[in-house]
Structures are given as C-alpha cells and as structure tokens.
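>>> quick one: sequence plus predicted model below, questions after.
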Amino acid sequence: MTSATEIDIRTEGVAAPANYLNINLGVRSWLLTTDHKRIGILYLWTILIFFVIASVAAALMRIELLTPQGDLVTSETYNKLFTTHGVLMVWFFLIPSIPAVLGNFVLPMMIGARDVAFPKLNLFSWYLFVAGGALTLWSLVRGGVDTGWTFYTPYSTTYANSHVISMAAGVFVAGFSSIITGMNFMTTTHKMRAPGLTWFRLPLFVWSLYATSLILVLATPVLAITLALMSVERFWGVGIFDPKLGGDPILFQHLFWFYSHPAVYIMILPGMGVISELITCFSRKRIFGYGFVAAASMAIAVLGFLVWGHHMFVSSQSIYAGMVFSVLSFLVAIPSAIKVFNWTATLHKGSVSFQTPMLYALGFIGLFTIGGMTGLFLATLAVDVHVHDSYFVIAHFHYIMVGGMVMAFMGGLHYWWPKITGRLYPEFAGKLAAMITFIGFNLTFFPQFILGYLGMPRRYHAYPPEFQVFNVLSTAGASILGIGYLLPLIYFLWSLKFGRVAGPNPWRATGLEWQTSSPPPKDNFERTPIVTDGPYAYSAEEDVDLNLASV
Amino acid sequence: MSILTSQVSDRPAFVAEQFDDIDQQRDAAKLGMWIFLATEVLFFGGLFLAYTIYRFTYGHVFVDASRRLDVVLGGTNTAVLLVSSLLMALGVRAAQLDHRRLLVRLLLGTAFLGCVFMSIKAVEYHNDFVEHLVPGAHFEWKGPDPHNAELFFWIYFAMTGLHAIHVTVGIGILLVLALLAWRGKFSGGNYSQIEITGLYWHFIDIVWVFLFPLLYLVGHR
C-alpha cells in the first residue's frame, strides 16, 4: 500500500480525522494527558524499558549457566542479577503489562465510556510508577540488591550488604500505582457502563480486569506495609521480624506471600481475559459458558487469597496448615480448568482462522495448561518437599507468567494494535514471531523441569557438570526467545509509518471498542452507545475473510 | 452488540467530562473512596496481624508494657478525635445545605482538633522517650522479658506512627478544603470532595478506636 493512498484515506473521511493521537502534539500534551488511551501508551513505553533491562539480566544469567563453573560473574553478582530480573519483571513489567497498558486502553471503550472514572488519578498512577521505577533503577546503579525478589528476613533486615531499602521503597511506591489503577478500574466498571450494558453483557476481559483489580486493591497494601516494616527494621536495627525481640522472621514470609500469591493471579487473570476475546473473535463463536468463565475469574481472585502457605511448606509451618493450604491450592485448579475447557469448547465447530493473535492465544492455552498442571505437583505437600526451591519451580512459574501472561500480552497487543495506532502490523512477520516465541519458550523452560526434578537448585551460578546439557538447551532456547521478542519490536515500530491503514474494525469483532474509528477520537465515541445484546455475537456460518497476510 | 445512540444530558460545569451527570460523579467518588479505604484497612491489617500474634504469644509482657502508656492522655485523644469526627459529619451536612460559612468553620474546627490530637501525641512520644521506652539502643525495661516488651513498644510506635501520618495528611486536606470552601467552590451541590474527605476522616477515627483499647487498655482491668 503506498503512502499516497493512506493520505487519501486519512483526508477523505469526514468523521475520522481528529483522533486521540493527533488532537494535540508535543511532549507536554503527553506528559499532562488524562486520556486513558495515551496513559496506556505511556505505560507501554515505560514497561518496555524495564522489560529490556530485566531481559538483559536474564541473558547474563543464561550465559553464565552455559558452563558448570562460575566464569562470567561472581556469585554475588549473580545474586544481584536474579534479584534485578525478578523485581523488574514482576513489579515493573508483568503486573502493569496487561492491566495498565491494554486495560487502560480498552476498558473504557469496552464499556462505552469516555474515560475512566478518575483520569487525573490515572495519570498520577503512571507518575508513581515511574517514580518507583526510578528508585529501583537508582538502587541498581548504586550496586544492586542481592536478596532475591522475595526480600526474605532476616537476610534482608540484618545480613544483606546491598541497597535493600531503596529498592523496597521503589516497589512500595509502584505498589500504590497498582492500587490506584485497581481502584480506578473497579469504580469505572461499576459506575461508567453504557446504557444497557449489564454485568452479564460485559466482555470477559472486563470481568478479568475487575477480578484483577480486586486483588490489586486488597493484596498490594499488605505488601506495602510488609516492605515498610522490613525497611524500618533494617534502618532502625530492631523490629517485629527480629528473633532477638521474640519476633518471627517467618511472619514476613506469611505477609509477603499473602500479597505475592494473589499477585501471581494479577499476573495471569488479565491474560485469561485477553484470551477469551481472541478465541471468540478468531473462531467466530460465542464463548462457551460465559457465566462460568466470568465466575471462574472471580473464584480465582477469591481463592488466591487462601493459598499463600503453599510457598512455605518447608518453612517449619505446621503440617496441618500445610495440608489445608495444599487442598485449597488444588481447588484453584477447578476454575482454571473451567477456563481452559471452555476456550477449547469455543473452538469446537468454530470457523477458526490462525491470525497472529490467535497463534498467541492457542500457544497460551497449551503453555498455561502445562504451567497449571505442574502447579498441582507443587501443591502436593510431599512432592513439593522434593522439588522446593529447584528449577522445577522456576520452570512452573515461567510457564504461567511467560508462557501464559506474556503470550497473552503479545496476543492482545497484536489484536488491539490496529485500534491503538490505526495501522496493521505485517501479518507474516507476526506469525513468524509467534512461532519463534513458542519454540524458544519451550526450549528455554522445558529442560528446567527436568533440571529441577533431578535436583538442581535455583539461585546458584555454578552447578555439577551432569546438568550442563539441559542448561545449554535452555540457554539456546533463551536466544531464540529473544529473537521472538525482538521481531515484534521491529515490525511494530515499522508499522507505525509503513503499516497498512487498518480501518475501524479489521477483525470484524463485535466489542464496543471496535465500533469506533481507529485510532479512536479523544472521547472514544461520537455518541454514547446503547447496548442491547450480550458480547461475542459472532456467527461461525458468516463468511468473514480475516486473512490480512496477503496485503 | 447492536448500537444505537443517546444524548449526553445537560450538566453543571463542575461535572467532569467523563461523567454524564452529577449523580454519576458523586457515586463514583464515593465508591472510589470506599475502595481506597478497603486498601487502607489491609494496609493497617499487616500491623494488626503482627499485634495479634505477639499479644497471643507474649500476653503477660504485653499487659505489663501496656500499663506504661498514659491512659489519660490516650483517652483524651480518643475523645478529641471522636468530637472531630462529629464536626466533620456536620461539615458534610453544611456542604450539602450550601452553608458556606458554617462549612468553613466546621472544616477548620475538624483540622484544629486534629492538631490537638497530634500535639497530645507529641507529648506522649516525648514522655516515652524520656522514660526510655523507644525501642533500640536506649530502651530500658526493669521487668521480666525486656525484649518482648521492646517488641510491644515497637508495634506501639509503628501503629500510632502510621496513624499519625494519616492524621497529618487529613489535616492538610482539611485545610486545603477550608480554603476552597471559603472561596465558594463547594456551592450548588458540588460537595463530593467534602463527603469523601469525611469518609477518610472517619476511617482515621475508627482506626484509633481500635488502637486505643489494644494498646492502652489491655493492661487495665
């Protein structure tokens, strides 16, 4: 498509020309924006920076692990690398990824609103996020932190010789950014829905964001107070986790995981929501069992608060508590399995087309299933004692967080990219990147299941020589995975200028966000929409050509 | 989903552009504040949990340590905060009825009582410091299990300190609102900010209502 035609399309349309991107220009208009769409893009750029830094840390670790000896970095540096990777990936990439980028961008449009309920707070949350990120990066520049992302006491309070307080402060500040986002989304979903958009007509992405927000609002403050108490104790020399005073360091673990286990669901629920959007659109079917999928999101959010003890099976926690936590953890598998079965059932007799977002969605289902099933191994008390703190755990949660959440994020980003930018990404390159990501991911993390089962512990920079073959496979996979992430970065940037103009609804999708122009006008809709039907009114018989690859 | 269109209704200037009308704006503000308060409950919750566990484990020492706190000053402070909440509630009413002067006075009165609370708290902290009750190198305890007593005072300072930060923030907000109210910002039904500040102030009050018996009264039968 030549650029001359693009200009034609742009200037020809009477209703389309003014959109949220060109309504005003310049750095100031971006830094002071209260438009949820622009704030979503601010978040996108910010988390990209953190993703790159955290990936470099991961790359250095994988290179170190190519050989059994510690030859690239010392053990202290290695400790700092995995702390950096964990802290940045969890709090500065995964948690804001889908909610703060895609959620911010599409949630108000999905419910037919002009903006979120509190646009200024929304912008404030981004500034808090940047401030928290800056504090964290500052502690990296000063020399890093070696506690692991978990900040366990008494190591963090007494023995660690690194910049624990400033990094904890960074996470604390970023936590309030999450809380504000959660509060904003919940209020928006309750109060800003378009006329006729009842709760059970909401797209499932909205349900999953609502469940996520519930966790953000109720769990994050516990992390905040825990990190604050830990930091004060480190600073003051005495505190409630201090065994000298009769305090209990294990209490820190309870409080930490009371947040951090639900946080795992912050890092997967929004992904599940995205998958529901993708599966329905690309199989041209209504979702199978809408109510169950929606309720499963809420069930996961609620159950997530009751299972934190499964991180502490070997922490001297009572065996009876361990048994209860084990059973409750098994229960989480039920709503998770409901979702997987319902997505699969949605595909049945659908008119399935394998566009890039769909490839990511199908990859998600497979990888999430492996991640979830191995989670059951870990929830089993006796098995966990064997594989605790081993690479089995690493592989398990990367299958959920990278194989699940990052795949869903990439799928969602490809799906809504035409809406966000008004341009289509190149379809062939997209499919290629999705395949490379899937292959690279499995090659990176599947060997780690075997490593962990054979007994290789996490967080060591050297290991016995018999583990080398799996580590080499894993590092090779990580290189492929890196290409899988680099490709989209290149073609997304390319598409901003050279991509084909998308039009309002390239996927022929039914969501409200697709019923307005691309990119949308500042107020999203010319007139407030009125909703008269449930979501996903697709028909498998209807002949829709979604094959954009030929372009 | 089929889409029809609807008109955006007429509204006063203080209704933000994302809302259709004043009721939606007011409801959203109130719900947002309630959600924030739920967050706050869990923020304090970590400390209440720590208190509960150690009170259960070191019950007798906690009772002894609690006796060293000044019940008269603590009790006075409880009364001060409760009265301030009354003034705040009346302030919300005054805002709803558009009584500008009364609203300004009540907001200033609430802030003033907040300051009284903080002053009394400062006197208490000073006394604790003089009596070597501040945890750390200077902590002194004559009775049995001095370390566990130190734990009690650590929790005491953490909980009342966190509460004091909230009171200070509240006073700041009240003073800004008083200034805005004096300029007439909250006339004509635009009282959302007064209302949600009221919710926040009552929350601070309720936290203290829990802190007072847990910290000051467990030693007194």
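Looks like it arrived, so ask away.

>>> my read is A:Ile530 is in a strand, agree?
Yes. Looking at A:Ile530 with DSSP: H, G, I helix; E, B strand; the rest coil, it is inside a strand.

>>> please report the distance of it from A:Leu512.
Here the criterion is C-beta to C-beta, to the nearest Å. By it, A:Ile530 lies 10 Å from A:Leu512. From N, CA and C alone the C-beta is placed, and that goes for glycine too.

>>> repeat that for A:Pro335.
In terms of C-beta to C-beta, A:Pro335 sits 26 Å off from A:Leu512.

>>> on that earlier part again, same drill for A:Ile530 and A:Leu512, tell me which one is more crowded.
Shown here are A:Ile530 and A:Leu512; by other C-beta atoms under 10 Å in any protein chain shown, A:Leu512 has more neighbours (24 against 16).

>>> how about low-confidence regions in chain B?
Along chain B, segments meeting pLDDT under 70 span B:1-10, B:221.

>>> where along it do the strands fall?
Under the criterion DSSP state E, chain B contains strands at B:3-6.

>>> helices of that one, residue ranges please.
Assigned by DSSP state H, chain B shows helices spanning B:22-57, B:59-67, B:71-96, B:100-130, B:146-182, B:192-212.

>>> okay, now the closest residue to A:Asp384 other than its chain neighbours: neighbour count?
Leaving aside its sequence neighbours, A:Asp384 sits nearest to A:Phe313 (C-beta to C-beta, 6 or more residues apart in numbering or on different chains; 4.8 Å). A:Phe313 has 23 neighbouring residues, counting by other C-beta under 10 Å.

>>> how far away is A:Phe313 from chain B?
To chain B, A:Phe313 is 20 Å away according to C-beta to the nearest C-beta, to the nearest Å.

>>> can you verify that residue is assigned to a helix?
No. Looking at A:Phe313 with three-state DSSP, it is coil, so not inside a helix.

>>> from memory it sits against A:Leu381, does it?
Yes. Contact criterion C-beta atoms under 8 Å: A:Phe313 and A:Leu381 qualify, at 5.9 Å.

>>> overlap in contacts of those two?
A:Gly322, A:Ser326 (C-beta atoms under 8 Å, 6 or more residues apart in numbering or on different chains).

>>> got the confidence number for A:Asp545?
For A:Asp545, the model assigns a pLDDT of 69.

>>> same thing with A:Leu451?
pLDDT at A:Leu451 comes out at 97.

>>> can you report how many residues lie near A:Val90?
By the measure other C-beta under 10 Å, the count of residues near A:Val90 is 20.

>>> how far out from the middle of the chain is stretch A:34-51?
14 Å (C-alpha atoms, centre = their mean, to the nearest Å).

>>> ok, A:Gln317 - contacts?
Contacts of A:Gln317 (C-beta under 8 Å, 6+ apart): A:Ile250, A:Gly309.

>>> tell me the SS of it?
Classified using three-state DSSP, A:Gln317 is coil.

>>> quick one, phi/psi of it?
Backbone torsions of A:Gln317, given as degrees, to the nearest 10, read phi -60, psi 150.

>>> same thing with the one 4 residues further on?
Dihedral angles of A:Ala321 (phi, psi; degrees, to the nearest 10) stand at phi -60, psi -40.

>>> repeat that for A:Met312.
The phi/psi pair for A:Met312 (degrees, to the nearest 10) is phi -130, psi 30.

>>> which ones are touching residue 170?
Just going to use chain A. A:Gly132, A:Gly133, A:Ala134, A:Leu135, A:Thr136, A:Leu137, A:Trp138, A:Ser139.

>>> um, chain B though
Counted by C-beta under 8 Å, 6+ apart, B:Gly170 has contacts B:Gly114, B:Thr197, B:Tyr200, B:Trp201, B:Ile204.

>>> before I go, just wanted to say thanks for your time.
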